[in-house]
Each structure stands twice: as C-alpha cells, then as structure tokens.
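Chemist: Show me how the following folds:
(one chain, ligands or ions: 1)
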Amino acid sequence: MPSRGRTQRPPAPRSRRRPVDDGDSVSEAEIAVHWKEEEPVGPPADLAASLGPSERALRARFARLGFPECFRVYADLLTWEQPWTRTLDDSRPPFYRWFVGGRLNASFNCIDRHARRFPDRAAFRFVPEPPDEPVVTVTYRSLQRRVEETASFLRERAGVRMGDRVTIHLPMTPELPVTMLACARIGAVHSVVFAGFSGEACGRRIADSGSRVLVTMDAFWRNGRLLDHRPAAELAIATAAQDGQSVDHVLVWERYPGRYSSRTPPVTGRDALLPDALLEFAGRRVPPEPMPSEAPLFLMYTSGTTGRPKGVQHGTGGYLSYTAGTTRTVLDLHPEDVYWCLADIGWITGHSYIVYGPLALGATSVLYEGVPTFPDSGRPWRIAEALNVNVFHTSPTAIRLLRKLGPAEPERYRFRFRILATVGEPIEPQTWRWYYEAVGKRSAAVVDTWWQTETGGILCSTLPGLDAMKPGSTGPPLPGIDPAILDDRGVEVPDGSGRAGNLVLRTPWPGLMQTIWNDPDRFVSTYFARYNTDPKSRDWRRWPYFSGDGATRTADGYLRILGRIDDVINVAGHRLGTKEIESACLSVPDVAEAAVIPEADEVKGRVPVVYVSLRPGVSDPIRVTRDIADAIETQIGKIAQPKEVWVVPEMPKTRSGKIMRRVLSAISNRRDVGDVTTLADPAVVEEIRRLVQGAGAGPVRSRPSDPPRKRTGPR
Ligand code: WTA
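Modeler: Numbering: from 1, shown residues only. Okay, the predicted model is just below:
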C-alpha cells in the first residue's frame with residue numbers, strides 16, 4: 001500500500017530530470033523505471049482445464065485472419081439485420097468505419113434475440129442499497145417490454161427522432177439501462193452523465209450535445225441516505241439554457257413508482273413522471289430501427305487536458321462487436337454465469353461491461369444501487385453469496401477499501417469466483433495478491449484490464465485460463481491489438497529495457513471512438529497528431545493512437561501501465577481534468593491563481609490537491625478555501641473535492657511566468673523538488689514546502705475533506 005509521500009509512479013532519478021524551465025511535467029518517456037518485476041502466477045488449473053478448443057485457438061485464429069479481418073470473429077457474435085460488405089474502411093484515417101454496409105440495432109442484439117430464446121432468464125438482478133429491500137429480477141422479456149414502452153414515450157411524447165441526443169442523469173437502477181436501450185432502439189444517441197456529477201456539469205454536457213430531452217430520477221440511495229436528485233436537474237436545465245440549449249422534456253423516473261420522493265415539484269407541461277406516464281403505452285411494440293453500422297450509439301463525456309470535457313462518440317456496429325467480443329474473451333462470460341460489475345453505468349466501464357457487452361451475450365448481471373461498503377464491508381460478499389455471482393469486476397480503489405475495512409471478511413462467505421476483473425487504475429502487487437488470495441480464494445483468474453473511454457473496450461489483459469498473471473502488470477495486448485511504447489521522438493522503446501515511454505496503438509480496432517462530438521479537429525489533435533508525421537497521409541500506419549498513458553513492457557510482452565502523462569488525475573479510477581478543477585477555483589473572485597496537482601492516496605490512488613494564491617487585500621483566506629470547495633462541488637461534483645486547499649503567498653513560476661505544477665506536486669508528495677534555482681523566485685519553493693510539510697504553523701491551510709463548512713479557523 002503506498003504510504004503518504006510515496007507515489008505509485010517511481011520518481012525520476014536526479015540525473016535524468018528535465019531542466020526546470022522546460023515545462024511543468026516530466027515526460028514519462030524520460031523516466032527510468034525501477035520497479036521489481038513480479039513472479040508470474042500460473043492460470044488456475046480448473047479454469048485452464050475447462051477451456052474449449054475455440055478459446056484456446058483464439059490468438060491463432062486472429063493471427064490467421066490478420067488485420068483487419070480478424071475482427072469479424074467479434075462481429076459474428078451479433079445479429080445483423082443486413083450483413084456488412086467491408087470489414088474496415090480506412091480511406092480517411094484517423095476516421096475509420098467498421099463493418100461498412102451492415103445494419104443492426106443494439107437494443108435488438110441486447111434484448112430481443114435473447115428474449116425470444118429464454119424470456120425468463122434474468123438480464124438484471126437489481127440490488128437496492130437498503131439491505132431490507134428485496135432483490136428485483138428483470139427478465140429479458142420484461143426488459144424488452146420496459147424498453148419498448150420507454151421508447152414509444154420518447155418518440156411519441158418527447159418527439160425524439162433518429163440521431164437526436166438524449167441526456168440521461170440517472171443512478172444505478174434498472175431505469176438507466178432501460179432508458180439507454182430505449183434510445184438505441186429508435187436510433188437516438190444517449191449521453192449518460194454520471195449521477196454523482198453536479199447539475200451544472202450535467203447542464204454543460206446537455207448544451208454541448210444539444211439535447212432537448214433530459215431523463216432523470218426523483219431520488220436514489222447512496223450510503224444510507226435517500227438523496228434528492230431533482231435539484232440537480234433544475235440546475236442542469238438552467239445551466240444548459242445559459243449556454244443556449246433549451247430542454248423541452250424532462251422524464252423523471254420515480255425511485256418508488258407512484259411515490260414521488262423529491263421536494264422539487266414537477267413542472268407542468270415539461271416534466272413527465274415515469275413509470276405512470278408510460279401506462280398509456282402499456283404493451284406498445286416498437287420495432288428496433290436497423291441502424292447503419294457506423295451510426296453513433298452514444299456520447300460519453302470525459303476529461304482531457306483542457307477545461308472543457310469532450311464528448312467521446314462511439315458507433316454502433318464496431319463498438320458493440322468489440323464489447324461483446326472482449327466480454328467473451330476477457331471476462332469469459334456465458335449466459336449461465338452471474339456477473340457483477342461494481343462500476344457505475346455512468347462511466348465507460350458500465351456502458352461496455354454492464355450494459356452492452358454482457359447483454360449482447362445474453363448474460364445475467366447484478367446491478368447494485370449503492371456503495372460497496374454500505375452498511376459494512378461484508379456487503380459485496382453477502383450479495384455474491386446470495387446471488388451466486390461467479391464473475392466479479394471492480395476497481396483497485398474498491399479493492400483497497402474493502403481490504404482496509406474488512407481484510408478477513410471474504411472468508412466468512414461461501415461464494416466462488418471464476419474470474420476477477422479489475423479496471424481503471426494501476427493495481428499494486430499487494431492489493432492484487434489480496435484480491436487473488438482472499439477474494440479469489442486462489443482459484444479465480446485475475447484479469448487486470450487496461451483501456452479507456454476512448455477505446456470502447458479492453459485493449460490489454462491476460463486471457464483467463466490461458467495466460468500466466470503477473471501482479472501489477474496488465475499483461476499482453478488482446479488479439480488484434482498492437483501497442484507500442486514510443487519515446488518523445490517517436491522511437492520505439494525496446495521491450496525489456498526497463499525504460500518507460502508513451503503507450504500508443506499502431507492499428508485501429510472496432511471499439512475505437514469515432515470522433516469527438518462536434519469537434520473532429522480536437523479528435524485528431526488530441527489523439528493522433530502527437531506521432532503523425534504527415535497530416536495528409538491516407539495510410540493508417542502513419543496515425544498511431546496516442547493514449548496519454550505512460551507504460552513499460554517486459555521482454556515477455558507484458559505491459560505495466562504507469563498512469564496519465566497529461567493533465568488528467570485518476571481519482572479512484574475516475575478521470576478528472578486538472579484544468580476543470582482549476583477553472584472552478586478561478587471562478588471564486590478572490591482567487592488570483594490556481595494549480596491542481598495529484599497527491600498519492602492510500603485508497604483512491606490519487607486525489608486532487610489545490611494550490612491558490614489570492615488577490616491582494618483578501619482578509620479571510622479560510623472563507624476563500626471554503627468557497628473553493630463549494631465551487632468545485634457545484635461545478636463538477638463531490639468526486640472532484642480536493643483533499644487540501646493550500647493558500648500560498650506566491651506560486652512557484654518559471655521566469656517566463658509558467659506555474660510549476662511539478663514543483664507543487666513534489667512538495668505534496670514529499671519528493672525531491674529538484675533544481676529550482678532557475679525559477680523566478682526560488683525562495684518561494686522553500687516557503688511553500690514549510691507550509692505544506694512543516695509543523696502546521698504559518699499561513700492558511702484547509703482540508704475540505706473534513707466537511708469544509710464546519711471549519712472556522714486555521715489549524
Ligand atoms: C487508467 C476506464 C492501469 C489509465 C476504463 C487510462 C488503468 C485511464 C487501467 C482511462 C489499468 C485504466 N491499469 N491504469 N488496468 N485501466 N487505467 O477513460 O490511466 O475512465 O488512461 O476508462 O484509466 O480512464 P477511463
């Protein structure tokens with residue numbers, strides 16, 4: 001477990017550090033890596049013995065078909081209304097079209113074809129957070145009925161047409177996948193905003209996507225409290241209106257049907273309360289729209305290097321093929337399994353590996369409303385035991401937390417996992433071992449899956465039962481995926497060199513996003529310009545995909561992901577842009593300058609820490625730190641709440657006036673700040689170091705993670 005002051009990323013040795021004026025981040029490509037390679041752990045024997053010939057031959061099959069035809073293997077898992085004529089159209093890189101000429105409907109593939117064959121199989125087992133509320137089973141047949149009724153409402157009442165965007169701000173209840181699939185059924189593009197994002201954050205996404213329809217819920221359970229979710233919708237609508245986008249229809253699902261649980265009254269003429277409003281559509285059939293393979297299926301906003309989140313656009317045929325294929329190969333999911341992914345559907349993991357992948361395969365998933373540690377850290381294991389979960393999927397942050405709060409808890413329950421998946425952040429070997437030994441009882445395969453919102457599905461992971469696992473390494477690339485590690489000049493870092501570099505993907509794959517919504521230039525510049533040498537080139541070989549992650553690769557081809565090299569902080573496996581947080585800080589009038597840096601955290605991996613300098617004459621810096629915490633919560637959400645807000649007399653800056661975030665990060669993480677003699681005012685660094693690391697005396701400090709409102713004075 002990393003202790004305070006140690007990061008998961010090894011520090012750069014002194015001699016290789018970049019000169020200070022060069023910029024504010026150290027390039028991963030220049031960092032020598034001194035991590036100890038772990039001994040491989042063989043694949044579990046039972047699992048290895050249970051694999052059939054087609055599973056064993058997967059890599060060989062991909063190799064035989066070659067790129068791009070190998071991806072037909074995944075597309076063949078789907079039912080196509082009209083078969084495609086060309087696997088890949090790569091005539092306009094980096095804009096690719098997969099399975100061209102094909103037509104299909106995602107909701108048909110996820111529901112109807114299973115509902116026909118086994119109508120009574122559970123698609124979802126919904127577990128409400130309050131432990132005394134019964135588990136609700138949603139069969140494939142009932143899922144189809146609910147999706148069709150919702151789809152007819154969207155179309156007939158809310159006027160949603162093919163290609164329209166619908167913003168969904170729903171918690172983890174069955175209404176979320178129902179609404180997503182209802183959009184997919186009529187060819188509308190859903191944009192799900194994580195329910196933990198603030199109303200303002202939701203409103204900005206409504207405006208960017210141009211949604212006229214918002215789908216929300218009155219309330220939901222979180223950590224033992226029924227949270228009123230409606231104020232967020234009002235804020236979202238007001239924020240979108242300021243940005244010039246009006247919302248004409250609001251669909252409000254009731255957490256308890258017929259019992260409205262919010263203090264905000266519905267607005268007549270604009271709001272509809274569901275499921276009551278669906279009564280007139282009871283039993284209504286809505287045939288699935290056969291969509292072109294490349295029709296957009298959804299947008300998922302994600303943080304990047306600028307303050308504005310970008311709408312990652314995923315298509316239908318390529319995305320669905322890739323998620324179905326990787327759900328089968330990596331999670332080894334089959335219809336008879338009971339699968340539980342603890343991620344929230346509001347993030348990409350939930351889209352790909354709760355909704356689209358598992359449903360495309362006709363599997364049964366647990367859908368859990370609340371936090372895993374409510375009411376105690378035995379909850380996940382009780383649920384697993386009660387519902388016979390055998391494929392489990394979560395994040396290193398959740399594993400660390402469950403281990404910290406109840407290290408011996410899994411032993412008390414009789415569950416048996418076959419596959420244990422982890423995603424979202426690097427998992428350190430100690431945490432990996434607890435997952436494998438205590439949770440997996442040494443008989444489950446751990447798959448450490450590396451991928452991103454933009455990649456649609458998993459790109460690197462060991463294959464369960466086939467590959468040896470190495471704690472701390474994601475493993476080899478999946479079949480058809482071709483990663484490379486490049487240095488800053490674009491030269492490949494050799495495997496086994498121990499050096500880190502920028503992780504790129506050399507070939508496209510069907511899960512790759514199509515573009516950034518409304519901003520194709522940003523798509524090209526963010527992900528492809530870095531290593532493209534000829535912007536006019538029509539050859540995909542000239543357009544490697546730049547992931548933004550640093551990585552190393554051992555001689556046996558296993559990749560170890562070191563983390564983001566851009567201005568993204570991975571907090572508890574959730575991506576936050578430092579620039580977004582900084583712009584929230586700067587909205588507080590007394591703040592002159594703000595810098596946000598990641599600090600290593602025992603449970604969450606990284607947490608944001610804020611440094612600000614104030615305008616002259618501010619008399620109450622404590623109030624300012626509270627205002628900053630409030631601004632971050634309202635503009636982004638609680639997940640972005642900083643661990644600390646430091647008010648410094650002056651920011652450390654280069655002579656050209658650039659804030660040295662790297663120096664601040666070294667101070668917060670108790671690393672060597674390096675040579676700072678070339679800074680505009682080197683003495684500032686020591687002053688800040690004493691403030692942050694010193695005995696607590698001196699200027700102002702605030703810890704908003706202790707409820708900010710209660711703080712009255714400096715510590
Ligand atoms: C990080 C989540 C190490 C990485 C699916 C990536 C990981 C970012 C892993 C994407 C892993 C994801 N090991 N790091 N197994 N999986 N990451 O878009 O930095 O929310 O770039 O997608 O999470 O986060 P996103």
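
Chemist: Report the beta-bridge partners for Val338.
Modeler: Beta bridges link Val338 to Thr364 when assigned by DSSP bridges.

Chemist: what does the protein have sitting close to the ligand?
Modeler: By Cβ under 6 Å from any ligand atom, the residues of the chain that approach the ligand are 302, 347-349, 423-426, 448-453, 474, 548-549, 561, 563-564, 570, 575. Every C-beta, even on glycine, is put in place using the N, C-alpha and C of the backbone.

Chemist: try 8 Å this time
Modeler: Proximity of the chain to the ligand, by Cβ under 8 Å from any ligand atom, involves residues 302, 347-349, 396, 422-427, 448-455, 460-461, 474, 547-549, 561, 563-564, 568, 570, 573-575.

Chemist: Take those residues and keep only those in helices.
Modeler: Ile348, Thr349, Pro396 (DSSP state H).

Chemist: Dump those residues to CSV, plus neighbour count and pLDDT.
Modeler: Formatted as CSV, those follow (neighbours: other Cβ atoms under 10 Å; pLDDT from 0 to 100):
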residue, neighbour count, pLDDT
Ile348, 26, 97
Thr349, 24, 98
Pro396, 24, 95
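
Chemist: for the residues you listed, which one is nearest Trp340?
Modeler: Of all these, Trp340 sits closest to Thr349, with 12.6 Å by Cβ to Cβ.

Chemist: Can you tell me how far the closest one is from Trp451?
Modeler: Distance, Thr349 to Trp451, using Cβ to Cβ, to the nearest Å: 9 Å.

Chemist: what touches both of these two?
Modeler: Residues touching both Thr349 and Trp451 (Cβ atoms under 8 Å, 6 or more residues apart in numbering) are Val423.

Chemist: Give me the nearest residue to the residue of the stretch 51-200 of the chain found nearest the ligand, chain neighbours excluded.
Modeler: Closest approach between the stretch 51-200 of the chain and the ligand, counting by Cβ to the nearest ligand atom: Phe194, at 10.3 Å. Once flanking residues are discounted, Phe194 sits nearest to Gly346: 3.0 Å by Cβ to Cβ, 6 or more residues apart in numbering.

Chemist: Which residues are in contact with that neighbour?
Modeler: Leu170, Met172, Leu176, Val192, Val193, Phe194, Ala195, Gly196, Phe197.

Chemist: Give me the phi and psi for it.
Modeler: In terms of degrees, to the nearest 10, the main-chain angles of Gly346 are phi -70, psi 0.

Chemist: Tell me how far it lies from Ala63.
Modeler: Taking Cβ to Cβ, one finds Gly346 at 37 Å from Ala63.

Chemist: what does Asp566 give?
Modeler: Distance from Asp566 to Ala63, by Cβ to Cβ: 33 Å.

Chemist: How about Leu614?
Modeler: 61 Å.

Chemist: Same drill for the two, tell me which one is more crowded.
Modeler: Legend: neighbour count by other Cβ atoms under 10 Å for Leu614 and Ala63, higher for Leu614 (19 against 13).

Chemist: Just give me how far stretch 672-688 sits from the chain centre.
Modeler: 36 Å (Cα atoms, centre = their mean, to the nearest Å).

Chemist: just stretch 145-155 next, same as before
Modeler: With Cα atoms, centre = their mean, you get 28 Å for stretch 145-155.

Chemist: what's the answer for stretch 202-209, then?
Modeler: Using Cα atoms, centre = their mean, the offset of stretch 202-209 from its chain centre is 18 Å.

Chemist: what does it contact?
Modeler: Contact with stretch 202-209 is made by 165, 167, 169, 189, 191, 193, 214, 232-233, 235-240, 242-245, 247, 299, 301, 308-309, 311, 517-518, as judged by Cβ under 8 Å, 6+ apart.

Chemist: Pull out the buried residues from those.
Modeler: With burial judged by 16 or more other Cβ atoms under 10 Å, the buried subset of those is 165, 167, 169, 189, 191, 193, 214, 232-233, 235-237, 239-240, 245, 247, 299, 301, 308-309, 311, 517.

Chemist: Take those and keep only those in helices.
Modeler: Reading helices off the buried ones among the contacts of stretch 202-209 with DSSP H, I get Ala232, Ala233, Leu235, Ala236, Ile237, Thr239, Ala240.

Chemist: Which strand or helix spans the closest residue to the second one other than its chain neighbours?
Modeler: Counting by Cβ to Cβ, 6+ apart, the nearest residue to Ala233 once its immediate chain neighbours are dropped is Thr216, at 4.5 Å. For Thr216, the enclosing helix or strand under DSSP states H and E is strand 213-217.

Chemist: That strand - which strands sit beside it in the sheet, and in what orientation?
Modeler: With DSSP bridges as the test, strand 213-217 pairs up with strand 165-168 (parallel), strand 249-253 (parallel).

Chemist: what does that strand rub up against?
Modeler: Counting by Cβ under 8 Å, 6+ apart, 154, 158, 160, 164, 166-171, 173, 175, 179, 202, 206, 229-230, 232-233, 236-237, 247-255 sit against strand 213-217.

Chemist: For PyMOL, what selects the buried ones among these?
Modeler: Buried residues within the contacts of strand 213-217, by 16+ other Cβ under 10 Å, are selected in PyMOL with:
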select buried, resi 154+158+160+164+166+167+168+169+170+171+173+175+179+202+206+229+230+232+233+236+237+247+249+250+251+252+253+254+255
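
Chemist: Please report the distance of the residue located most distally from the centre of the chain from the ligand.
Modeler: The C-alpha centroid of the chain is most remote from Gly617, which lies 41.5 Å away (Cα atoms, centre = their mean). Distance of Gly617 to the ligand, computed by Cβ to the nearest ligand atom, to the nearest Å: 41 Å.

Chemist: Tell me the secondary structure at that residue.
Modeler: Assigned with DSSP: H, G, I helix; E, B strand; the rest coil, Gly617 falls in the coil class.

Chemist: neighbours around Arg155, how many?
Modeler: So Arg155, with other Cβ under 10 Å, has 21 neighbours.

Chemist: Pull the helix or strand hosting it out as PDB, backbone CA atoms only.
Modeler: Using DSSP H and E, Arg155 sits within helix 140-156. Provided in PDB are the C-alpha atoms of helix 140-156 (Å, rounded to 0.1, in the frame of the first residue of the first chain):
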ATOM      1  CA  TYR A 140     -35.200 -10.400 -20.700                       C
ATOM      2  CA  ARG A 141     -38.900 -10.400 -21.500                       C
ATOM      3  CA  SER A 142     -39.700  -7.700 -19.000                       C
ATOM      4  CA  LEU A 143     -36.600  -5.700 -20.100                       C
ATOM      5  CA  GLN A 144     -38.000  -5.800 -23.700                       C
ATOM      6  CA  ARG A 145     -41.400  -4.600 -22.500                       C
ATOM      7  CA  ARG A 146     -40.000  -1.800 -20.500                       C
ATOM      8  CA  VAL A 147     -37.600  -0.700 -23.200                       C
ATOM      9  CA  GLU A 148     -40.400  -0.600 -25.800                       C
ATOM     10  CA  GLU A 149     -42.700   1.400 -23.600                       C
ATOM     11  CA  THR A 150     -40.000   3.900 -22.800                       C
ATOM     12  CA  ALA A 151     -39.000   4.100 -26.500                       C
ATOM     13  CA  SER A 152     -42.600   4.800 -27.500                       C
ATOM     14  CA  PHE A 153     -42.800   7.600 -24.900                       C
ATOM     15  CA  LEU A 154     -39.500   9.100 -26.100                       C
ATOM     16  CA  ARG A 155     -40.700   9.000 -29.700                       C
ATOM     17  CA  GLU A 156     -44.400  10.000 -29.300                       C
END
